[in-house]
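1. need a 3D model of the sequence below.
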Amino acid sequence: MLAILRSEIFKFRKANIWALIFVGPVIAIFAGLVDSGELPVNSWVYTVLMMNLVYAVLFLPLITGVFASIVCRYEHQAGGWKQLLALPVTKGRVFLAKYLLLVSLVFLMQLLYLGAIYLVGNMQGFAEPFPLEIIWKSVLGGWIATFPLIALQLWLAIWFKSFAAPFAVNVIFTIPTILALNSEKLAPFYPWAQPYLMMNIGGKVDAMFFVPWDQLLIVVGGSFILFFLGGYFLFNRKAF
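-> So this is what the prediction gives:
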């Protein structure tokens with residue numbers, strides 16, 4: 001398993017697209033540097049809300065599709081799947097290794113986003129202390145909310161040979177997120193809205209995350225099980 005994971009990391013490094021990990025945090029920095037003026041709220045809270053509108057609503061869901069297409073690109077070229085599966089590896093371990101790589105990449109990007117928030121606060125000269133516990137909860141929650149989206153995008157990336165196809169499907173479902181968030185009935189059950197809802201600072205500060213436990217378990221957990229097992233079993237049954 002470790003050998004397969006190292007191989008996946010090597011292929012991703014050879015793709016020379018590591019800069020994509022920095023794009024989201026950099027864009028969020030510009031959003032956070034917008035002059036807020038005098039506000040009756042904590043400066044850190046307002047800044048995170050502004051940064052999340054750009055980062056969590058659009059960029060974070062979209063980047064999962066880009067990463068998934070990249071980690072499957074080599075296998076779709078010149079019979080790469082047959083060559084890979086001819087080795088003494090199982091399809092299940094290959095799928096799991098690719099999924100773990102994608103989850104790790106998003107986690108790394110989330111850490112950079114955490115650093116971006118801290119950088120913006122220092123550049124703006126905020127007087128309030130850095131609320132690490134609250135912001136870390138936001139960053140961690142957003143990462144967990146991407147688990148089902150990563151599973152779905154990996155499923156699509158394996159199914160479609162075209163690099164653009166999984167990304168196009170992701171765009172189709174990500175753009176309506178803005179409308180879904182304005183609906184109290186639809187937003188809690190829309191998978192593409194979960195990264196923003198999990199990162200949106202609000203609710204009870206002493207709660208585990210910023211969404212109710214039933215929403216976390218049913219929507220995020222349920223869609224993760226559906227998408228992960230769907231992709232896992234499809235990959236095991238697919239003939240290359």
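2. quick one: the residue nearest to the spatial centre of the chain and residue 67, what's the gap?
-> What sits nearest the mean C-alpha location of the chain, by Cα atoms, centre = their mean, is residue 146, with 4.2 Å. Noted for residue 146: a distance of 10 Å to residue 67, by Cβ to Cβ, to the nearest Å. To be clear about C-beta, it is placed using only N, CA and C from the backbone, and glycine gets the same treatment.
3. then residue 157?
-> 9 Å.
4. quick one: buried residues of the lengthiest helix in the chain?
-> If you go by DSSP state H, the chain has its longest helix at helix 91-124. Within helix 91-124, the residues scored as buried using 16 or more other Cβ atoms under 10 Å are 91, 94-99, 101-103, 105-106, 109-110, 112-114, 116-117, 120-121, 124.
5. show me what it is packed against.
-> Packed against helix 91-124 by the contact rule (3 or more Cβ pairs under 8 Å, 6 or more residues apart in numbering; DSSP states H and E) you find helix 2-14, helix 20-32, helix 43-54, helix 60-71, helix 80-85, helix 132-145, helix 147-159, helix 222-237.
6. which helices and strands does the third one pack with?
-> Read it as helix 43-54. By 3+ Cβ pairs under 8 Å, 6+ apart, helix 43-54 packs against helix 20-32, helix 91-124, helix 132-145, helix 194-199.
7. so who does residue 43 touch?
-> Residues in contact with residue 43 (Cβ atoms under 8 Å, 6 or more residues apart in numbering) are 36, 121, 124, 126, 127, 128.
8. make it 7 Å
-> Residues near residue 43 by Cβ atoms under 7 Å, 6 or more residues apart in numbering: 124, 126, 128.
9. counting neighbours, what do you get for the last one?
-> Under the neighbour criterion other Cβ atoms under 10 Å, residue 128 is assigned a count of 10.
10. rewinding a little: the helices and strands packed on helix 43-54: which one's closest to residue 4?
-> Of all the helices and strands packed on helix 43-54, helix 91-124 sits nearest to residue 4, with 4.2 Å by Cβ to Cβ.
11. tell me the pLDDT of the nearest residue to residue 5 once chain neighbours are set aside.
-> The spatial neighbour of residue 5 that comes closest, neighbours along the chain excluded (Cβ to Cβ, 6 or more residues apart in numbering), is residue 97 at 4.6 Å. Here, the pLDDT recorded for residue 97 equals 91.
12. how far away is residue 97 from residue 6?
-> Taking Cβ to Cβ, one finds residue 97 at 9 Å from residue 6.
13. just residue 86 next, same as before
-> Counting by Cβ to Cβ - residue 86 and residue 6 are separated by 19 Å.
14. please name every helix or strand in contact with the helix or strand that residue 168 is a member of.
-> Residue 168 belongs to helix 164-174 when assigned by DSSP states H and E. The helices and strands touching helix 164-174, judged by 3 or more Cβ pairs under 7 Å, 6 or more residues apart in numbering; DSSP states H and E, are helix 60-71, helix 147-159.
15. returning to what we had before: kindly reformat the helices and strands packed on helix 91-124 as CSV containing mean pLDDT and distance to residue 166.
-> Converted to CSV, the helices and strands packed on helix 91-124 look like this (pLDDT from 0 to 100; distance: least, Cβ to Cβ, whole Å):
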stretch, mean pLDDT, distance to residue 166
helix 2-14, 77, 16
helix 20-32, 90, 15
helix 43-54, 87, 23
helix 60-71, 90, 5
helix 80-85, 80, 16
helix 132-145, 91, 19
helix 147-159, 93, 4
helix 222-237, 92, 11
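16. alright, I will stop here.
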